[in-house]
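Chemist: 3D, please:
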Amino acid sequence: MTFSLDGLRRRPDVEAPGLVAVDAADRLILDESAAARSGVAPGGLVVIGDAYGALTLGAAADGARGIRVHQDPLTGERALAANADACGLGDAFTSGALDAELVRGAEVVLLRLPRSLDALRDIAGLIAAHAARDVVVYAGGRLKHMTLAMNDVLRADFARLDVSLARQKSRVLVAREPGDGRDPVPSRETHDGLVVCAFGGAFAGASVDIGTRLLIAHLPETAPAGGTVIDLACGTGVIATTLALRHPSLEVIACDQSAVAVASARATAQANGVGDRVDVVRDDMLASQPDATAAFIALNPPFHSGSAVHEGIAPRMFADAARVLRPGGELWTVWNSGLRYRPALERLVGPTRQVARNAKFTVTASTRR
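Modeler: As a prediction, this is how the structure comes out:
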């Protein structure tokens, strides 16, 4: 079967004009690493941050096997699997967590640079600690998302850093000669008695964003009853942990498609002594939840798909919340007031009332019809 990067798709992530599955940075990383990859034994290649499979499948099409892959968003992981099945390369790789086993003994690492310096610091430290001593890391991205601070982060864990020529507004940093490195440890901050834990790349880090603060301040005083309680797109698990702390009899499901969010939310729940009552799961929206079972869902919806802003993400989440809510169950949502989500909430969920509003954000409660 003939392989072409141009045939890759983003599904199950949002597909729309202007949203691509492969870009110039993917192509440059593959070109810059081609010679190094040609001499790698099976199992010696690791790919981190592959958006929809371009790096993994491009390397597999060149003959690489036993590729170990980590993608933070579950949609990216599933897009890679679907693209691999479509081109007959499903046996060339395995997907796994961002941990020591992912990078142990790695000879070559292909990395899409994360936008978060903390995330890059976690990744660089992990590679330095556990990869082969002669590992070479090809870390690339679009120039508009790259900063000189990324060079400094890599230099903290690698003695040699080379920089490729720019091509099509993309560049690759090539890191060699790793130091001792370290395993990622979450940062911790305390806010109004709540301990927030965050691994690098988690939204808002160990702080509490202002939208979440507004939602927490206006959550219902009475514990939801008669169904499941869910923190959808939970991030670091602040809302789920708050609900569990306020209502000692409550068990909460916290879900997010981001692996780093799931790890952070689990750490936050454990740090506050409610790890046994907050079940943190990695999920594509609420795909693993049955219909008409939830009494209450809290949501601070994202509005980015990767680095692209797209208005279709939140309505998809509203629709899935409506599916999972039982009749009479409520979706409590906080959103940037300029996005004007209320008509979509009315249409997709049911009658919607404003609970709170400040200069930037609105909190609404939508009742499932």
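Chemist: what is the most centrally placed residue in the chain paired to in the beta sheet?
Modeler: Central residue of the chain (CA atoms, centre = their mean): Ser258, 3.0 Å from the mean position. For Ser258, the beta-bridge partners under DSSP bridges are Pro73.
Chemist: thinking it is in contact with Ala202, fair?
Modeler: Yes - shown here, Ser258 and Ala202 form a contact pair, counting by CB atoms under 8 Å, at 7.5 Å. (C-beta placed from N, C-alpha, C; glycine too.)
Chemist: domain ranges for the chain, per the record?
Modeler: Following automatic domain parsing, one finds the domains of the chain at 5-178, 187-367.
Chemist: would you pull up how far the last one lies from the middle of the chain?
Modeler: Using CA atoms, centre = their mean, to the nearest Å, the mean C-alpha position of domain 187-367 is found 15 Å from that of the whole chain.
Chemist: also stretch 122-133?
Modeler: The answer for stretch 122-133 is 20 Å, by CA atoms, centre = their mean.
Chemist: can you check stretch 356-369 too?
Modeler: On CA atoms, centre = their mean, the centre of stretch 356-369 falls 25 Å from the chain's centre.
Chemist: quick revisit: could you export the domains of the chain as JSON lines, including mean pLDDT?
Modeler: What follows is the domains of the chain, written out as JSON lines (pLDDT from 0 to 100):
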{"stretch": "domain 5-178", "mean pLDDT": "97"}
{"stretch": "domain 187-367", "mean pLDDT": "94"}
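Chemist: before we move on, back to that, mutual contacts of Ser258 and Ala202, please.
Modeler: Both Ser258 and Ala202 are contacted by Gly235, under the criterion CB atoms under 8 Å, 6 or more residues apart in numbering.
Chemist: how about the helices of the chain, start to end?
Modeler: 24-38, 54-61, 74-87, 100-103, 117-130, 148-155, 210-217, 238-246, 259-271, 313-324, 342-348 (DSSP state H).
Chemist: what angle sits between the strand ranked longest in the chain and helix 313-324?
Modeler: In the chain, assigned by DSSP state E, the strand with the most residues is strand 325-336. Using axes from the mean of the first three to the mean of the last three CA atoms, to 10 degrees, the direction of strand 325-336 lies 160 degrees away from that of helix 313-324.
Chemist: sheet partners, orientation included, of strand 325-336?
Modeler: Checking strand 325-336 against DSSP bridges gives partners strand 294-299 (parallel), strand 361-367 (antiparallel).
Chemist: so which of those is the most packed in?
Modeler: Comparing the strands paired with strand 325-336 by mean neighbour count (mean count of other CB atoms under 10 Å), strand 294-299 ranks first with a mean of 25.
Chemist: next, the angle from that strand to helix 238-246.
Modeler: Here the directions of strand 294-299 and helix 238-246 differ by 130 degrees (the same axes, to 10 degrees).
Chemist: contacting residues around strand 294-299?
Modeler: Counting by CB under 8 Å, 6+ apart, 215, 219-220, 224-233, 239-240, 243, 317, 321, 324-326, 329-334 sit against strand 294-299.
Chemist: just the buried ones from these?
Modeler: Neighbour-count burial (16 or more other CB atoms under 10 Å) applied to the contacts of strand 294-299 gives 215, 219, 224, 227-233, 239-240, 243, 317, 321, 324-325, 329-334.
Chemist: what is the neighbour count of Gly39?
Modeler: Under the neighbour criterion other CB atoms under 10 Å, Gly39 is assigned a count of 9.
Chemist: sorry, slip of the keys, the one I care about is Asp6.
Modeler: Residues near Asp6, counting by other CB under 10 Å, number 8.
Chemist: hmm, it is touching Val22, no?
Modeler: Yes - in terms of CB under 8 Å, Asp6 counts as a neighbour of Val22; the distance is 7.4 Å.
Chemist: now do the strands in the stretch 101-250 of the chain.
Modeler: 108-112, 136-142, 158-163, 170-178, 187-191, 194-198, 228-232 (DSSP state E, counting those that start in this stretch).
Chemist: hmm, who's touching stretch 216-223?
Modeler: Stretch 216-223 has contacts (CB under 8 Å, 6+ apart) with 208, 238-239, 242-243, 246-247, 249-250, 296, 298, 332, 355-356, 363.
Chemist: 10 Å instead?
Modeler: 191-192, 194, 208, 229, 238-239, 242-243, 246-250, 295-296, 298, 300, 330, 332, 334, 355-358, 363, 365 (CB atoms under 10 Å, 6 or more residues apart in numbering).
Chemist: tell me the buried residues in stretch 344-359?
Modeler: Applying 16+ other CB under 10 Å to stretch 344-359 flags 344-345, 348-350, 352, 355 as buried.
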